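> here is my input, please return the structure:
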Amino acid sequence: MDSKGLVSKFAWAIAGLVAVIREEPNMRIHLLAAAAVIGAGWIFNLQRAEWGLLVIAVTLVLVTEVINSAIERIVDLITPQYHPLAEKAKNMGAGAVLVSALAAVALGVIIFIPHLFKV
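Okay, here's the model as predicted:
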């Protein structure tokens, strides 16, 4: 693959990220939460392993939100009218985001609670 093709592929990926940020309010909420977590991590002077776990958790939530948004677009393209399977597909994608967000919150509690109650 030539470098011109590689640059185009990165440009398309970035365009996809820009689209999901512009079009999905939940993605903006996740990004604000990520910024808050990063700020809290900086304030509490987290250790390297804690930072690593937070990066994984934040990335998981953001990736599932992007995939969920893609699922929603594909379902809308395939069937613009209501269909129970379309609803299930969209709900399952949203469920994946919920699971990743809950896991991230649990990890945040595990990491930050000891820092909050340090003596």
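
> need the contact list for Ala96.
Listed by Cβ atoms under 8 Å, 6 or more residues apart in numbering, the contact set of Ala96 reads Thr64, Ile67, Asn68. Glycine gets a C-beta too; all of them are placed from N, C-alpha and C.

> find the residue closest to the last one in space, skipping its chain neighbours.
Leaving out its chain neighbours, the residue that sits closest to Asn68 by Cβ to Cβ, 6 or more residues apart in numbering is Gly93, at 3.8 Å.

> for the one you found, which residues are in contact?
Taking Cβ under 8 Å, 6+ apart, one finds Ile67, Asn68, Ile71, Glu72 in contact with Gly93.

> looks like the second one contacts Ala94 (just checking).
Read it as Asn68. Yes. The criterion here is Cβ atoms under 8 Å, and Asn68 meets it with Ala94 at 6.0 Å.

> the two: who's more crowded?
Comparing Asn68 with Ala94 by other Cβ atoms under 10 Å, the one with more neighbours is Asn68, at 23 against 16.

> Ala19 sits in which helix or strand?
Ala19 is part of helix 3-23, with elements assigned from DSSP states H and E.

> what are the contacting residues of that helix?
By Cβ under 8 Å, 6+ apart, helix 3-23 touches Met27, Arg28, Leu31, Glu65, Val66, Ser69.

> likewise stretch 72-92?
Ile71, Gly93.

> quick one: buried residues of it?
Glu72, Val75, Ala86, Ala89, Lys90 (16 or more other Cβ atoms under 10 Å).

> show me where the chain has strands.
For the chain, no strands are identified by DSSP state E.

> where does the prediction get shaky in it?
For the chain, the stretches flagged by pLDDT under 70 are 1, 119.

> which residues touch the one residue sitting closest to the centre of it?
Most central in the chain under Cα atoms, centre = their mean is Leu62, positioned 1.1 Å from the mean C-alpha point. Applying Cβ under 8 Å, 6+ apart to Leu62 gives the contacts Met27, His30, Leu31, Ala34.
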